[in-house]
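A.B. asks: build me a model from this:
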Amino acid sequence: MCYVLMCAQMSCAEKVGRCFGFFVLAVFLDVAGLILFLLGVFAPLNFWDFFVLSGPIIIFLSLVFWIFWYLGNLTVPYQQLLP
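C.D. replies: The predicted structure is shown next:
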């Protein structure tokens, strides 16, 4: 069972790239922000504005981890790095 989970994680990590942690964190923050935003829009709460405003802020903060993930997956040939 553990081998199956390890193989599933390896294949997923190979598809995502080298920075698997940044990818997971960015997706988690996107989903959490979307849930908070939709909760504020559709739930009949007295403090709906907190959720409507905090959801997009969390989604905006996930942009930092998307940039880290993208920069971590860039590859530069060694010939370009040498002077």
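
A.B. asks: next SSE downstream of the lowest-mean-pLDDT helix or strand in the chain?
C.D. replies: None of the helices or strands of the chain scores lower by mean pLDDT, DSSP states H and E than helix 2-16, at a mean of 63. With elements assigned by DSSP states H and E, the helix or strand that comes after helix 2-16 is helix 20-42.

A.B. asks: quick check: buried residues in that next one?
C.D. replies: 20, 22-23, 25-26, 29-30, 33, 36-37, 39-40 (16 or more other C-beta atoms under 10 Å). Every C-beta, even on glycine, is put in place using the N, C-alpha and C of the backbone.

A.B. asks: cool, stretch 61-72 as well?
C.D. replies: Using 16+ other C-beta under 10 Å as the test for burial, stretch 61-72 gives 62, 65-66, 68-69.

A.B. asks: report all helices and strands that the helix or strand containing F60 contacts.
C.D. replies: Per DSSP H and E, F60 falls inside helix 48-72. With contacts taken as 3 or more C-beta pairs under 8 Å, 6 or more residues apart in numbering; DSSP states H and E, helix 48-72 sits against helix 20-42.
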